[in-house]
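Undergrad: dropping the sequence and predicted coords here.
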Amino acid sequence: MKGHCSAMAYVVIAALSFALAGIAAPAHASASLAQPQVVSTEPADATPNVDDGAVYVFAQVGNTMYAGGSFGSVQGIPRSNIVAFDATTYAVRSFSPAINGAVWALVPTPNGRSLYIGGTFTSVDGVARRGLVKYNVERNKVVGKFRPTLDDSVTDAELVKGRLIVGGRFSKHLLALDRRTGADTGYLHVKISGKVSPNSGPTRVYRFAVNPAGTKLVMIGNFATVGRRDRQQAATLRLWNRSVRVRMWHSPRLDLPCSDRTPAYLRDVNFSPDGSYFVLVSTGSPRGTTGFCDAAGRWETSNNSRTAEPTWINWTGGDTLHSVAITGATVYVGGHQRWLDNPYGYDFAGEGAVSRPGIGSIDPVTGKATAWNPTRSRGVGARALYATPAGLWVGSDTTRFAGEYHARIAFCPL
C-alpha cells in the first residue's frame, strides 16, 4: 500500500521499544494510548484474516498481538476464539488454547508472561474455568493457582493498582480480584442491582473504563441502582486506596428510553489519555436528540453533577456505535453506522450528515466528524478499537476495509 514501508518502519521501532520495556500496550478498558495524529486511511497489507465469526478485543505484549472473539480459525489454521500473531510480520503464532466460548477481555500481566482471559466460556484446555482464566503464554497452560469462583461470564477486565477488576453477568457484576489467586479482595463492595426495564435481560456490567491515574471508574450496563443510588445503565466510582465510593455523577439523559428492543443501549466507554473526559457510545433507535440513542457523547470527568450533560453529542441518525477509542488527536468510533453528524436524520441522511460507513473519527473539541473515512463493510459492527504506538487495530465481523479484503482484523498505521 502507499506509505506502507514507512509505516512498517514505525511498527518495528514501536515493537522494539515494547520488547525492551517489557510492558504491554494499554488494555481495552483503560484510557487509550495517546497518538500525535490521526492514523492513515490506508490499511496495512497482510494482517491475519479471521475466517469466521467476529473479533471483540485486542491486547499487545512486546511484539505479540492477541485477538479474542468468537471464531474457529485464522488463515485456515484452527484457533478456538483466541489467536496470537506477530505485530510486525503478522505471522500467526503457535499459541492455541482450547477455549469453549467467546473471549471478550484480554489483560496481560505486568511481566507479560500470562494473560487474564475473560468471556463466556466454561473450560480452557479441558480445565474448568467459568468466565475467567489466567493463562501462562510461555508454558501454554492454565495457571492452576488462579481459581476465581464466578457463576457467569466476564465481558471486561483491567489491572488497576495491583487489583484485577472484572465486570460481567456474574452475581456481583463488578469485582476486584487478587491477581495471583483470583480471590475476591473485598475492595469493590458496591451493590449493583435492578434492570433498565423488565425485558432488558439479566443485570450486568457490560463495559467499564478507568482513568490513567486509577482513581475513577465509569461503568455501563443493564442496572438501575449502584450503591443504593439510582444510576440507570451508567455510573462513576471514586477509587480510593482502600475503599470505593459512588460518585454523584448522573446524566438524566441516560434515563430516557430508546427502543423496546434495546432498553439498555450503552455499548462502550473510554477515557481520554489525560483522563480529563470520557466518551460513551450507544445503540437504540432514531428517536431524535432528547435522549442518547445511536450516538457518541463526551462527558467531562470533573463534572460530578447529578444533572451532568455531555459537552457534545454526535448522532448517527439511527445506527449503532459499538466501540470507542480516544487518542487525544481524535475520538475513533466503530459500529454499523452509515453516517455521523446526523442529528436530523432518522434512518436517512439528514441535513449536515457525512458518510462514515462502519468506522469514523470525531474531533474531541468540536464533536464533529473529521475527514478520516477509510470505510468498512458494516455487518453487526466493529466492537474492538485498539490504539498502539504504531497505529489503530480494528476488530469486527466483516471482511472489507478501505475497499480491500481484511477479514475481521484491520490495522491503520500512523
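TA: Sure, I can see it.

Undergrad: any idea which helix or strand carries the residue lying closest to Val92 once chain neighbours are set aside?
TA: The spatial neighbour of Val92 that comes closest, neighbours along the chain excluded (Cβ to Cβ, 6 or more residues apart in numbering), is Phe85 at 4.9 Å. Where you see a C-beta, it was placed from the backbone N, CA and C, and this is true even at glycine. Using DSSP states H and E, Phe85 sits within strand 82-86.

Undergrad: please enumerate residues in contact with that strand?
TA: By Cβ atoms under 8 Å, 6 or more residues apart in numbering, the surrounding residues in contact with strand 82-86 are 48, 50, 63-69, 71, 74, 91-93, 95-97, 99, 103, 106, 117, 137.

Undergrad: what's the answer for stretch 335-353, then?
TA: Taking contacts as Cβ under 8 Å, 6+ apart, the residues outside stretch 335-353 that touch it are 267, 281, 283, 286, 288-289, 294, 313-323, 333, 354-360, 362, 368-369, 378-382.

Undergrad: only whichever of those residues are buried, select them in PyMOL.
TA: The following PyMOL line selects those of the contacts of stretch 335-353 that are buried, judged by 16 or more other Cβ atoms under 10 Å:
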select buried, resi 267+281+283+286+294+313+314+315+316+317+318+319+320+321+322+323+333+356+357+358+359+360+362+369+378+379+381+382
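
Undergrad: measure the closest residue to Pro257 other than its chain neighbours to Thr301 for me?
TA: With Cβ to Cβ, 6+ apart as the measure, Pro263 is the residue that lies nearest to Pro257, at 6.3 Å, once sequence neighbours are left out. Distance of Pro263 to Thr301, given as Cβ to Cβ, to the nearest Å: 27 Å.

Undergrad: what does Phe121 give?
TA: When Cβ to Cβ is the yardstick, Phe121 and Thr301 sit 34 Å from each other.

Undergrad: okay, those two: which has more neighbours?
TA: When neighbours are counted by other Cβ atoms under 10 Å, Phe121 comes out ahead of the other of Phe121 and Thr301, with 24 against 20.

Undergrad: so which residues of the stretch 151-300 of the chain form strands?
TA: Applying DSSP state E, counting those that start in this stretch to the stretch 151-300 of the chain gives strands spanning 154-160, 163-168, 174-178, 192-193, 204-210, 216-222, 225-226, 229-230, 234-239, 244-246, 266-271, 277-282, 295-300.

Undergrad: as a markdown table, those with distance to Leu340 would be great.
TA: Converted to a markdown table, the strands of the stretch 151-300 of the chain look like this (distance: least, Cβ to Cβ, whole Å):
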| stretch | distance to Leu340 |
| --- | --- |
| strand 154-160 | 25 |
| strand 163-168 | 28 |
| strand 174-178 | 31 |
| strand 192-193 | 32 |
| strand 204-210 | 21 |
| strand 216-222 | 21 |
| strand 225-226 | 31 |
| strand 229-230 | 32 |
| strand 234-239 | 22 |
| strand 244-246 | 33 |
| strand 266-271 | 16 |
| strand 277-282 | 11 |
| strand 295-300 | 8 |
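
Undergrad: these: which one's closest to Gly391?
TA: Comparing the strands of the stretch 151-300 of the chain against Gly391 with Cβ to Cβ, the closest turns out to be strand 266-271 (16.8 Å).

Undergrad: hmm, Thr330 is touching Gly360, no?
TA: No: the pair Thr330 and Gly360 does not pass the contact test of Cβ atoms under 8 Å, sitting 9.5 Å apart.

Undergrad: list the residues that contact both of the two?
TA: Common neighbours of Thr330 and Gly360 (Cβ under 8 Å, 6+ apart) are 370, 372.

Undergrad: number of residues surrounding the closest residue to Ala382 other than its chain neighbours?
TA: Residue nearest to Ala382 in three dimensions, not counting chain neighbours: Gly334, with 3.0 Å by Cβ to Cβ, 6+ apart. Other residues near Gly334 come to 27 when the count uses other Cβ under 10 Å.
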